[in-house]
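1. predicted model follows, preceded by the sequence.
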Amino acid sequence: MGAGLPPLTTLRAFEAAARLNSFSRAAEDIHLTPSAISHQIKALEEYLGVRLFVRNGKRQVTLTREGAFLSQHVSAALTSMGEAADALRRGQRNRLTVSVLPSFAARWLMPRIGLFVDRHPGLDLTIRSTTAHADFLRDEVDLAIRFGTGQWPNLQAELFMHDALFPVCSPRLLRGKKARQISDLKDWAWLESDPEGWERWFAAADAALPRGKRRLDFGDASLALQAAIDGSGIALTRQSIAERELASGAVVRLFPAIAAASQYSYYFVWPAKATLTQNGVAFRDWLLAQIGPTDRGG
């Protein structure tokens, strides 16, 4: 053990108590008894010769000035050790776990993923489709693809792909009738997943947004597109979500000369203090090869 380093069991108990401001909750967090936590804290205080907590009643504790100083360094050290151990553990297995949005996974990634799997036959790939932000340590996620501004605390974000918004519908919906003017769009129900999408598209078209228009919010881009495929109305969709359906003719694009830049873009995301794994780098590079430099903004 290094010179001046207290027993690690006391530091683990101290970190939990400092984080939770309670010996009893710390005991639950690291599966010890409250008396064991109290004993470890007392041993650490005796070792350092300083008081680390002020007891506030039976359950609450508050860090002293010395305790706050120690907490800052212990928390950072334990986090660093945990990340290092996790990186080593992951490196021993040929695996990759990626977190993506359900709409992006279903409409853009899944039609392509077989190509990546064929190139890496020995890799165990897990795609986690969820709207929730990944907890990289708890969920053992190596890489995430997020749709947003690129600003997330404690995470490194690298631009993957821009996107564009435009209206589409099933050819059956038109029944031979063409939308010759933008005002003709009012004749059909509007399907959406982004409440501000239609406003952005009408602004790009330099046209007034109709008031009181019936709009069905699905909360998910893939669901809104599927409703358009089924003939339920006109969906304001993203290029990334609808490209396969446009190519197959399942939907047609209305006013193809007009598109609005999406408010958000796709980003590769991983912990700021972590190095992207070798498999993560391979997956990122493969995805970038699937798009053109224009889509990435390069």
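-> Okay, I see it. Because the structure is predicted, anything quoted here is derived from the model rather than measured.
2. how far does stretch 123-142 sit from its chain's centre?
-> Offset of stretch 123-142 from its chain centre (CA atoms, centre = their mean, to the nearest Å): 9 Å.
3. which parts of that stretch are buried?
-> The neighbour-count check on stretch 123-142 (16 or more other CB atoms under 10 Å) flags 134, 136, 141, 142 as buried. (C-beta placed from N, C-alpha, C; glycine too.)
4. and those residues, which is closest to residue 44?
-> residue 136 (29.8 Å; CB to CB).
5. which SS class is that closest one?
-> Under the three-state scheme (DSSP: H, G, I helix; E, B strand; the rest coil), residue 136 adopts coil.
6. run through the residues that contact the closest residue to it other than its chain neighbours.
-> Counting by CB to CB, 6 or more residues apart in numbering, residue 136 lies nearest to residue 271, which is 5.1 Å off, once chain neighbours are set aside. Each residue near residue 271 by CB atoms under 8 Å, 6 or more residues apart in numbering is listed here: 83, 136, 137, 154, 155, 156.
7. could you identify the least confident member of these?
-> Here the lowest pLDDT out of these sits on residue 83, with 70.
8. from residue 128, how far out is residue 144?
-> 9 Å (CB to CB, to the nearest Å).
9. tell me which stretches of the stretch 151-298 of the chain form helices.
-> 171-174, 197-204, 221-229, 239-248, 278-289, 293-296 (DSSP state H, counting those that start in this stretch).
10. follow-up on the earlier one: tell me how far the residue nearest to residue 136 lies from residue 32.
-> Residue 271 is 28 Å from residue 32, by CB to CB.
11. just to revisit the earlier point, farthest pair within the contacts of residue 271?
-> For those, the farthest-apart pair by CB to CB is 137 and 156; their separation is 14.9 Å.
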